[in-house]
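**Student:** Provide a 3D model corresponding to the input given below.
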Amino acid sequence: MHVAPPHPERTQGTHACDPATPQALVARLAAKLSPKLLEAEFLALGEEDAAAVAAAAAAGGFSAATGCMERNRYSDVLPFDDHRIRLRREPSPGGAGAVSDPLYINASPLEGAPGDVPWHLTLAQAPLRSTREHFWQMVFECQHTHVVSLTNPVENGVIKSSTYLAEEAGWKRRFGGMAVKTEGVSEAHAKLWLRRLSLRGGVGPLPRPVWHWHYAAWPDHGVPASPEALLRLVGELAPVQTPILAHCSAGIGRSGVFAVLLVAVRRAEAALSGARPASAEDLADLRGLVAACRAQRAGCVQTLAQYAFVHTALKRWAGERLGEAEDQGA
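**Tutor:** All right, here's what the predicted structure looks like:
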């Protein structure tokens, strides 16, 4: 896997007049939830993103992806050449047609700048029928312990993801050299399913446990009716220090919201515990966080509604922390 240095994000500091408390974070996010401000920030992000993509394209920065178009779900959602996952071994022959790079997969690692909280994230497109082996090979090679699916296989009559695991416990699916068995299924929250999988690559290695989370109530290009289930998911995964893979259909919209919220919560938890000092203003700077994600995978957080939603969700999280602190007499 080749990982380019992440795009520099605004340096975070501590402002004595704006301490990182749940109450201060709620206040800062409430101020940022102005529709005009959100729209202005999102438009500016779009201009910056478009300029970066145009510059990369002019420099041949998508040559690997354009040489492997049969492995891309969408022709306009491509990973940067210098910031993408590259498989370590060639998958079974005949899977996805002739491509210029048999180790190619449409997936991007996301990492924070030095001194930031660990990100350990990968965003990917949903598997095509011809790339399901590639998908699981990536999980195996990158040692992803958690896979998050934020799409349904079919939405509004359109195929969004090929089915790449057995939904019921006790069943196994094989994709080329990768075998995936569903060991158990539970509903962690309404429309949030957790599956315990065992993943085997080849005939030698022992099966590797993988936890698969499927949030089934998030409309494409839209936002959930409530952030409750997503916050439950983020709450479960924020303490995880092993690699996490998230996908929706294209791997930028819903996946981008998940990535931004997960990192924002990790930063806030670190600040509130004193492990990594930061101000409430810094923690509420989701514009900077979205920009840092887009520098590594273009298009993250795809719509204005999604951009507003991630602010609302973080405010809800901070409000819940504030309620906990008040209950404890803080």
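**Student:** in three-state terms, label residue 187 for me.
**Tutor:** strand (DSSP: H, G, I helix; E, B strand; the rest coil).
**Student:** double-check it against residue 193; I have them as touching.
**Tutor:** Yes: counting by Cβ atoms under 8 Å, residue 193 is a contact partner of residue 187 at 5.8 Å. C-betas here are computed from N, CA, C, even on glycine.
**Student:** out of those two, which sits in the busier spot?
**Tutor:** residue 193 (16 against 9; other Cβ atoms under 10 Å).
**Student:** that one: what's it in contact with?
**Tutor:** Contacts for residue 193 (Cβ atoms under 8 Å, 6 or more residues apart in numbering) come out as 185, 186, 187, 213, 214, 216.
**Student:** would you list every one of the helices in the stretch 1-150 of the chain?
**Tutor:** Remark: helices assigned in the stretch 1-150 of the chain by DSSP state H, counting those that start in this stretch are 22-32, 35-58, 63-66, 132-142.
**Student:** show me what the shortest one is packed up against.
**Tutor:** So that's helix 63-66. Using 3 or more Cβ pairs under 8 Å, 6 or more residues apart in numbering; DSSP states H and E, no helix or strand is in contact with helix 63-66.
**Student:** what comes up buried for it?
**Tutor:** 64, 65 (16 or more other Cβ atoms under 10 Å).
**Student:** repeat for the second one
**Tutor:** Going by neighbour count (16+ other Cβ under 10 Å), the buried part of helix 35-58 is 38, 41, 42, 45, 49, 52, 53, 56.
**Student:** need those residues in TSV with distance to residue 25 and pLDDT, can you?
**Tutor:** TSV is the format used below for the buried residues of helix 35-58 (distance: Cβ to Cβ, whole Å; pLDDT from 0 to 100):
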residue	distance to residue 25	pLDDT
38	17	98
41	18	99
42	21	99
45	21	99
49	26	98
52	29	97
53	32	98
56	34	97
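**Student:** which two in those are spaced the farthest apart?
**Tutor:** Spatial extent of the buried residues of helix 35-58 (Cβ to Cβ) is set by the pair 38 and 56 at 26.6 Å.
**Student:** list the buried ones in stretch 134-146?
**Tutor:** 134, 135, 136, 137, 138, 139, 140, 142, 144, 145, 146.
**Student:** helix or strand for residue 198, which one?
**Tutor:** strand 192-201 (DSSP states H and E).
**Student:** just want the angle from that strand to helix 132-142.
**Tutor:** Between strand 192-201 and helix 132-142, the angle comes out at 80 degrees (axes from the mean of the first three to the mean of the last three Cα atoms, to 10 degrees).
**Student:** give me the below-cutoff pLDDT ranges for the stretch 151-300 of the chain.
**Tutor:** Within the stretch 151-300 of the chain, the segments meeting pLDDT under 70 span 203-204.
**Student:** helix, strand, or coil at residue 250?
**Tutor:** Applying three-state DSSP: residue 250 is coil.
**Student:** number of nearby residues for it?
**Tutor:** Neighbours around residue 250, by other Cβ under 10 Å: 25.
**Student:** the closest residue to it other than its chain neighbours - how many residues pack around it?
**Tutor:** Distances taken as Cβ to Cβ, 6 or more residues apart in numbering put residue 77 closest to residue 250, at 4.4 Å, once the chain neighbours are dropped. Close neighbours of residue 77, defined as other Cβ under 10 Å, add up to 19.
**Student:** check residue 317 too.
**Tutor:** 25.
**Student:** so residue 21 versus residue 322, what's the distance?
**Tutor:** 8 Å (Cβ to Cβ, to the nearest Å).
**Student:** I misspoke; the intended subject was residue 163.
**Tutor:** 41 Å.
**Student:** now do residue 213
**Tutor:** In terms of Cβ to Cβ, residue 213 sits 27 Å off from residue 322.
**Student:** what of residue 272?
**Tutor:** 10 Å.
**Student:** now for these two: what residues contact both?
**Tutor:** residue 22.
**Student:** thinking again about what came up before, tell me which residues of the strand holding residue 198 come out buried.
**Tutor:** 192, 193, 194, 195, 197, 199, 200, 201.
**Student:** and of those, the nearest to residue 260?
**Tutor:** residue 192 (18.7 Å).
**Student:** so what's that closest one bridging to?
**Tutor:** Beta-bridge partners recorded for residue 192 (DSSP bridges): residue 189, residue 215.
**Student:** next one: residue 199
**Tutor:** residue 180, residue 208.
**Student:** gap between it and residue 212?
**Tutor:** In terms of Cβ to Cβ, residue 199 sits 10 Å off from residue 212.
**Student:** before we move on, back to that, more neighbours: which of residue 163 and residue 322?
**Tutor:** Neighbours of residue 163 and residue 322, each counted by other Cβ under 10 Å, are more numerous for residue 322; the result is 17 against 13.
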